[in-house]
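**Student:** The sequence isn't on hand, but the structure is:
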């Protein structure tokens, strides 16, 4: 069996290097096991780059062509470390699987003329002894491996046969005929390499502009240079597939974004609707349109509260309640908030004390009405109308027109009068705003409602709108000048050197945001400044009574004096009465009230 041992020695002594990954120093069995585990059991991939998904032959060809320099370095290392491979080159290139030591065919095939061991040189004997030692180690590893095959992890009753079968598969891969990966042509490695360079050179390298005489094709989407139109077509189709995939995702993203935007807008609209509803309820409550009752209900509630706090005796409560019910039933004001004779007292005061004053103009006699427990906080417009009506009813020119209203009406009566004007076609926009109802509400009224009511009563009047400040610091000097012209007109012919003019003109209704007052006169001072004289419904009767005293001083007039710097609201509106309407003029005013237009200054 010496010849078989020598054959095994040669096999063990021969070292191999992997052509794929470059691992070297492997014996033939180790090489086969390495190929099976590292390159056949898994998907073949290039160890030098990211190429994968190809067959073993294509991978081998790729490594030999694309990574020739790296592979060459590994080959040089193999040549330096394995000089014995060159001496036994023909015997190391085995083309069939590992044979069993008991095979007689193998004995015949690998029979060599070997001299006896005793006749060999000592160095050779030592080398052979080392080879035999290595063979024993490998043989032991082979047995261990055969007991349970590592590549397939399967046991077998005949491990040697199972291991041989695995090696046969490895040999089939190692020694298969090379094949062209592009056209399938087979042949030797050198011939196949030349075939690739001649027939498929355009597929191996990317042609560049100016270096090729063939027609080149440029991708219109990424400017890649292609060798022929087929490659360009496939390349462009890949672009289109990517774009279609991107468009699908983009469309889906747009739908999601649109849905999120719609949800956000719907949520914002719902939040805005809730906020608007809350603000609207606050405004309704502020302007007395929250169905919380009107003059009667508020009066009773406040009197009940006064009794509970000990500020009113129960007997007084019942007495006041009866008077209130009678006042509402007759439609006349009970007179509890009225102060009369103030204009005469002012005229007498200016006759006595007119220092620092050039001229004073006063309206005709006007009663002052202040807010009561039934209309506190919202009844200023109604109280100013009572003041104007108290003045108009004293003038002979208006007595015939107001013969049915010589008694000052109470607030519920005034509300019913405005409702009657709406029913007769006056101010349909105002009627719509209040829902056609004012009675039993705390609704505020303004300049337009006073104008409609006076027009409905047959009085010629107009609204003047001072819609923006006309002086520094938000003041309204044009308003003061307009009031002066109103009261001074008609007194130009007076020859007496008098300073105080008690005119026969009714007072002026003055409205601004949140409140209204009545202008009953004007002062012109020596420094050229003007001062309005105003009745405010917020001033109580005990304060106004101080003006009736003959001992009143200039200090007491502070409650009715308003200088230029004290009127700084952005907008003021005035209503003035200038005569009586004929029936034709009344009809014209009724039609014009559908769209109220004020005279604007400036």
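**Tutor:** Cool, got the structure. Everything numeric here is computed off the predicted structure, so don't read it as measured data.
**Student:** From the centroid of this structure, which residue is nearest?
**Tutor:** Residue closest to the mean C-alpha point of the chain, counted by CA atoms, centre = their mean, is residue 264 at 7.5 Å.
**Student:** Is that residue in a helix, a strand, or coil?
**Tutor:** Put simply, residue 264 is helix when judged by DSSP: H, G, I helix; E, B strand; the rest coil.
**Student:** so what strands line up beside the one helix or strand residue 534 maps to?
**Tutor:** Using DSSP states H and E, residue 534 falls within strand 530-535. The pairing partners recorded for strand 530-535 under DSSP bridges are strand 515-525 (antiparallel), strand 561-563 (antiparallel).
**Student:** Now it: average pLDDT?
**Tutor:** Strand 530-535 carries an average pLDDT of 98.
**Student:** just how off-centre is it within its chain?
**Tutor:** Computed by CA atoms, centre = their mean, to the nearest Å, the chain-centroid distance of strand 530-535 equals 52 Å.
**Student:** ok, then the element right after it?
**Tutor:** helix 541-544.
**Student:** Would you mind listing the outside residues contacting that following helix?
**Tutor:** 337, 338, 339, 342, 368, 370, 559 (CB atoms under 8 Å, 6 or more residues apart in numbering). Bear in mind the C-beta positions are built from the backbone N, C-alpha and C, glycine included.
**Student:** mind showing which ranges of the stretch 101-250 of the chain have poor pLDDT?
**Tutor:** Along the stretch 101-250 of the chain, segments meeting pLDDT under 70 span 101-177, 188-190, 201-214, 244-249.
**Student:** let's go with 80 and repeat that
**Tutor:** Where the stretch 101-250 of the chain drops to pLDDT under 80, the residues are 101-215, 221, 223, 241-250.
**Student:** Would you point out the helix or strand in the protein whose mean pLDDT is lowest?
**Tutor:** Within the chain, judged by mean pLDDT, DSSP states H and E, the helix or strand with the poorest mean is helix 104-109; its value is a mean of 37.
**Student:** Single out the most deeply packed of the strands paired with strand 530-535.
**Tutor:** strand 515-525 (a mean of 23; mean count of other CB atoms under 10 Å).
**Student:** coming back round to it: got the strands paired with strand 530-535 as JSON lines, with mean pLDDT columns?
**Tutor:** Formatted as JSON lines, the strands paired with strand 530-535 follow (pLDDT from 0 to 100):
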{"stretch": "strand 515-525", "mean pLDDT": "97"}
{"stretch": "strand 561-563", "mean pLDDT": "96"}
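**Student:** May I see those organised as a markdown table, with distance to residue 547 added?
**Tutor:** Listed next are the strands paired with strand 530-535 as a markdown table, based on distance: least, CB to CB, whole Å:
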| stretch | distance to residue 547 |
| --- | --- |
| strand 515-525 | 11 |
| strand 561-563 | 11 |
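**Student:** Out of those, flag the one nearest residue 28.
**Tutor:** Closest to residue 28 of the strands paired with strand 530-535, according to CB to CB: strand 515-525, at 112.5 Å.
**Student:** From residue 253, how far off is the residue nearest to the centre of the chain?
**Tutor:** In this structure, residue 264 and residue 253 are 16 Å apart, going by CB to CB, to the nearest Å.
**Student:** Could you give the number of residues near residue 436?
**Tutor:** Number of residues near residue 436 (other CB atoms under 10 Å) recorded here: 12.
**Student:** quick one: contacts for residue 510?
**Tutor:** Taking CB under 8 Å, 6+ apart as the test, what residue 510 contacts is 516, 517, 518, 519, 534, 572, 573, 574.
**Student:** Could you double-check that the second one sits in contact with residue 535?
**Tutor:** Okay, so that is residue 517. Yes - if you go by CB atoms under 8 Å, residue 517 and residue 535 touch, sitting 6.5 Å apart.
**Student:** Now the common contact residues for those two.
**Tutor:** In contact with both residue 517 and residue 535: residue 384, using CB under 8 Å, 6+ apart.
**Student:** need the contact list for the closest residue in space to residue 362 that isn't next to it in sequence.
**Tutor:** Nearest residue to residue 362 in three dimensions, chain neighbours excluded: residue 521, at 4.1 Å (CB to CB, 6 or more residues apart in numbering). Residue 521 sits next to 343, 346, 360, 361, 362, 363, 487, 532, 533 when contact means CB under 8 Å, 6+ apart.
**Student:** give me phi/psi at residue 362?
**Tutor:** Backbone torsions for residue 362, taken as degrees, to the nearest 10, come to phi -120, psi 150.
**Student:** pLDDT at it, what is it?
**Tutor:** pLDDT at residue 362 comes out at 96.
**Student:** do the one 3 residues further on as well
**Tutor:** Residue 365 is assigned a pLDDT of 96 by the prediction.
**Student:** Also residue 258?
**Tutor:** Reported pLDDT for residue 258: 87.
**Student:** what's the spacing between it and residue 265?
**Tutor:** 10 Å.
**Student:** swap in residue 328?
**Tutor:** Residue 328 is 51 Å from residue 265, by CB to CB.
**Student:** Tell me which of these two has more neighbours.
**Tutor:** residue 328 (18 against 10).
**Student:** What is the neighbour count of residue 572?
**Tutor:** Neighbours of residue 572 (other CB under 10 Å): 21.
**Student:** For it, give me the backbone phi and psi.
**Tutor:** phi -130, psi 140.
**Student:** Ok, residue 451 next?
**Tutor:** phi -60, psi -50.
**Student:** what's near enough to touch it?
**Tutor:** 461, 462, 463, 575, 596.
**Student:** For residue 59, see how far away residue 195 is.
**Tutor:** 18 Å.
**Student:** who has more neighbours, these two?
**Tutor:** The neighbour comparison of residue 195 against residue 59 (other CB under 10 Å) goes to residue 59, with 21 against 17.
**Student:** how close does the more buried one get to residue 67?
**Tutor:** The value you get for residue 59 to residue 67, if CB to CB is used, is 11 Å.
**Student:** Report the set of residues contacting both of these two.
**Tutor:** residue 46.
**Student:** still on that earlier bit, among the contacts of helix 541-544, name the ones in helices.
**Tutor:** residue 342 (DSSP state H).
**Student:** Strands of the chain, start to end?
**Tutor:** 217-218, 225-226, 338-339, 357-362, 368-369, 459-466, 500-502, 508-512, 515-525, 530-535, 561-563, 572-580, 599-600 (DSSP state E).
**Student:** Quick check: which of those is buried the most?
**Tutor:** It is strand 368-369: most buried of the strands of the chain by mean count of other CB under 10 Å, with a mean of 28.
**Student:** hmm, who's touching it?
**Tutor:** 333, 337-340, 342, 383, 386-387, 390, 408, 535, 537, 539, 541, 544.
**Student:** any weak-confidence spans in the stretch 301-450 of the chain?
**Tutor:** Looking at the stretch 301-450 of the chain by pLDDT under 80, you get an empty list.
**Student:** again, only this time at 90
**Tutor:** 353-356, 400, 403-406, 433-435 (pLDDT under 90).
**Student:** Helices along that one, start to end?
**Tutor:** All helices of the stretch 301-450 of the chain, identified by DSSP state H, counting those that start in this stretch, fall at 314-330, 342-352, 380-392, 396-399, 411-423, 428-433, 447-456.
**Student:** what's the answer for the stretch 151-300 of the chain, then?
**Tutor:** Counting by DSSP H, counting those that start in this stretch, the helices of the stretch 151-300 of the chain are 159-174, 189-199, 201-204, 229-286, 295-308.
**Student:** Now render the ones you listed as CSV, adding distance to residue 322.
**Tutor:** CSV is the format used below for these (distance: least, CB to CB, whole Å):
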stretch, distance to residue 322
helix 159-174, 121
helix 189-199, 123
helix 201-204, 115
helix 229-286, 30
helix 295-308, 12
